[in-house]
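Asker: model this:
(one chain, ligands or ions: 1)
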Amino acid sequence: MASSSVDPAFSIALPKAELHAHLSGSISPTTLHEIWLKKRSEGQCLDLEDPLAAIKAGGDGFVDIVSFFPLFDKYIYALCNDLENVKYATEKVLQDFSKDGVRYLELRTTPRACVETGMTKELYVDTVNETFARWNHNHTGQLEAYPILSIDRRMSAEEAIEVVDLAVKYQYHPNQDKGGYVVGVDLGGNPMKGNVSIFTEAMATAKANGLGITIHFAEVPQSSTEEELNTILSWRPDRLGHCIHVPPLIEKVMRQRSTGLEMCLSCNVLSGLTSGGFERHHIKQWAQSDCPIALSTDDVGIFGSPLSNEYSLAAKYLHLSRKQVISLAKQAVQASFAGRKRMMRLLDEFEAAFDQDG
Ligand SMILES: CNc1ncnc2c1ncn2[C@@H]1O[C@H](COP(=O)(O)O)[C@@H](O)[C@H]1O
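Answerer: Prediction:
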């Protein structure tokens, strides 16, 4: 492999670890379109617009953040409201990440129920876990995938504990094959909603059971009060996602702890969560710290930027050589909840091949 610039072929070939992607936001418009056609042929979803028209970014790929969150509740969840389609969409998402050269994936999802189809939260998690189990079994040596269960900020304390209980029930234990693949718990959802302090008990239970903890952090000014951020830090999270509006004192603690950071460039820029475009993205400030950075896609089905493109963007805006891009990919592995040894080996092999040719 010649030592030239970071082009798309290089970014796809790079063995990548994706740590911050939402299952329902990673379903491609094409897959949603297929589900929509199937449902319509069965006389369902007749009032729902074609996903190929409904999920469209505006000019320059801009996605309006106000209509972003309702897109899930009103649209994507109406299509993926039964176990058959949840399974189908999950398989398609795993295939899409694999095609993009992702070799390790932590995919987060919120347990969801639907009375009309008989889908319970437990059946939802069971179906997702089973799909991951089958994938990992049938694709050894390719993409290795693990679910993370998300608590939504709108949930009650009891609902959050229910999510953690499911995560424990389906937890991944590396040395004993119990069939579970869940490696962690996330807190996400609309950052304008909720009071995070009610989730302290749920997070303590997750931690006590050895699950990884990752939290959406300082996404908008309203969710960036010192009170909220200090509450989250008191849970000793392993990783933090987005980290846009971090006050200096909080930043100091994160740097001291070398907390893993999930950075979603396209999501932040295209949704207007950050200002100043890619050029002024806060990844530049964190690149100078000891915090491992995991470049991530967040919702590739909506923002349309696969992980390989996120690496190309980082190379362009941080002015990275191929060697430095490989180091960045290793940082993501350092922050992962499983599979580190295998991924480091893959990246070392990739680097050695690159050294020989370059
Ligand atoms: C700006 N980025 C974001 N910030 C916060 N939460 C987000 C998000 N993007 C997605 N979600 C959360 O993920 C759910 C969809 O996937 P699952 O149904 O769980 O698989 C959304 O309902 C929202 O709660």
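
Asker: all contacts plus neighbour counts: C-alpha atoms, from now on.
Answerer: Fine.

Asker: in contact with Ala206, which residues?
Answerer: Contact analysis of Ala206 by CA atoms under 8 Å, 6 or more residues apart in numbering lists 164, 168, 184-185, 212-213.

Asker: now the strand or helix carrying it, how far from the centre of its chain.
Answerer: Using DSSP states H and E, Ala206 falls within helix 200-208. Centroid separation between helix 200-208 and its chain, computed with CA atoms, centre = their mean, to the nearest Å, is 21 Å.

Asker: average model confidence for the helix or strand that comes right after it?
Answerer: Sequence-wise, the next helix or strand beyond helix 200-208 is strand 212-217, with elements assigned using DSSP H and E. Across strand 212-217, the average pLDDT comes to 98.

Asker: determine which two of the contacts of Ala206 are furthest apart.
Answerer: Greatest spatial distance in the contacts of Ala206: Val168 and Ile213, 12.6 Å, computed using CA to CA.

Asker: summarise which helices and strands the strand or helix carrying Gly241 is packed against.
Answerer: Using DSSP H and E, Gly241 maps to strand 239-242. Here strand 239-242 touches strand 212-217, strand 260-263, going by 3 or more CA pairs under 8 Å, 6 or more residues apart in numbering; DSSP states H and E.

Asker: pick the most deeply packed of those.
Answerer: With neighbours taken as mean count of other CA atoms under 10 Å, those reach their highest mean count in strand 260-263, at a mean of 27.

Asker: note down every partner strand of it and its orientation.
Answerer: Its sheet considered, strand 260-263 pairs with strand 239-242 (parallel), strand 293-295 (parallel) by DSSP bridges.

Asker: show me what counts as buried in the lowest-mean-pLDDT helix or strand in the chain.
Answerer: None of the helices or strands of the chain scores lower by mean pLDDT, DSSP states H and E than helix 65-71, at a mean of 85. For helix 65-71, a neighbour-count test (16 or more other CA atoms under 10 Å) marks 65, 71 as buried.

Asker: after that helix, next one along is what?
Answerer: Toward the C-terminal end, the helix or strand that comes next after helix 65-71 (DSSP H and E) is helix 77-79.

Asker: gap between that next one and the chain center?
Answerer: Mean C-alpha position of helix 77-79 versus that of the full chain (CA atoms, centre = their mean) differs by 20 Å.
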